[in-house]
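Colleague: only the shape, not the letters, is given here:
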């Protein structure tokens, strides 16, 4: 069976390797919250484990104190990394006093006559309990946007953290724990090293990919779909409606006199108007309706499973909701309005053709005095 001495060397090298891997990853991307702290935690654990490998040959008590401080520092940094990554400010506030007390106790343990086996039993217990708590956080049903990867890491932390804590408690109570417990502790330590090391890196990559996808498909100001993403989603909805034989409506929306808002009140007010407009639109729409910003003050909306009459009613509700919107920097007497062009997409019609017709209907709404809904006359048969 592998000895503790050799085990410390193996996991120490493993943790330092993970730290180098994370440093290389951060050099090629914007680090997610907690990733840099996680890297320092791996460095602290790796250095401490190498010290635990070398210290018995020196016999120096001061190195035992440093080793104890290293275990505490590594665990503190690991918890801080999770708190930053998942956004738990309350946990971070309590972390400093708790870790300070743990550091004091850890540094006092070697001077109180704790030998290497006893010290490792205490460390294993603390780290096992910490992993259990992390597992509970990752497996919590109310964790926002939890992914399968996070659940897998949480299950690993819970199972192997519990095993490590069990070995630590038994080792503290019994000077010679059973061999199977020793093997269980080693396996638990390795699994926590591998799964946590790769897991945090993969969770960071997963979050980075999601952020990049949002940047590629979302309008920066309003949070709506950008032009490219809207066209992709709208065309997919059009083809689905064609296959299922369901009606689908397309609306073009344009904020009235938007240039005057920018010229009179400034571009900051124009941005506020765009934000308030998009919020008002979303308040009247169904979850599966598709709204996007095509550019400037021009927006487009797709209403699946909606004929002309239903689309006209939805457009009127949206128009009235926009009129209720207050743009603070424009003054109390300013009323924002929107002109809307509406069509129902023909079964054999492509999206560019439908957009052209909706844009023509929008022009008619503008020409007729703005703040109104105009439908393509040729599609009344779809009502």
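Modeller: Ah, there it is. Quantities reported herein were computed from a predicted structural model and do not represent experimental measurements.

Colleague: burial measure for residue 200, as a count.
Modeller: Residues near residue 200, counting by other Cβ atoms under 10 Å, number 24. Every C-beta, even on glycine, is put in place using the N, C-alpha and C of the backbone.

Colleague: not counting residues beside it along the chain, what's closest to it?
Modeller: Leaving aside its sequence neighbours, residue 200 sits nearest to residue 38 (Cβ to Cβ, 6 or more residues apart in numbering; 5.1 Å).

Colleague: with residue 311 instead?
Modeller: Excluding its sequence neighbours, the residue lying closest to residue 311 (Cβ to Cβ, 6+ apart) is residue 249, at 3.5 Å.

Colleague: my guess is that neighbour contacts residue 344. True?
Modeller: Yes. The criterion here is Cβ atoms under 8 Å, and residue 249 meets it with residue 344 at 5.2 Å.

Colleague: find residues that contact each of those two.
Modeller: The overlap between the contact sets of residue 249 and residue 344 (Cβ atoms under 8 Å, 6 or more residues apart in numbering) consists of 307-308, 311.

Colleague: which of those residues tops the neighbour count?
Modeller: Neighbour max across these (other Cβ under 10 Å) = residue 311, 27 neighbours.

Colleague: list the contacts of that one.
Modeller: Contacts of residue 311 (Cβ under 8 Å, 6+ apart): 249, 251, 303, 342, 344, 375.

Colleague: just residue 318 next, same as before
Modeller: Applying Cβ under 8 Å, 6+ apart to residue 318 gives the contacts 253, 280-281, 284-285, 301, 338, 340.

Colleague: among the residues you listed, which ones are in helices?
Modeller: 280-281, 284 (DSSP state H).

Colleague: out of the residues you listed, who has the most neighbours?
Modeller: Neighbour count (other Cβ under 10 Å) singles out residue 281 as the most crowded of the ones in helices among the contacts of residue 318, with 22 neighbours.

Colleague: verify the contact between it and residue 290 for me.
Modeller: No. Using Cβ under 8 Å, residue 281 is not in contact with residue 290, being 11.5 Å away.

Colleague: who touches both of the two?
Modeller: Joint contacts of residue 281 and residue 290 (Cβ under 8 Å, 6+ apart) are residue 301.

Colleague: pLDDT-wise, which helix or strand of this structure ranks last?
Modeller: Of the helices and strands making up the chain, the lowest-confidence element is helix 89-111, at a mean of 69, by mean pLDDT, DSSP states H and E.
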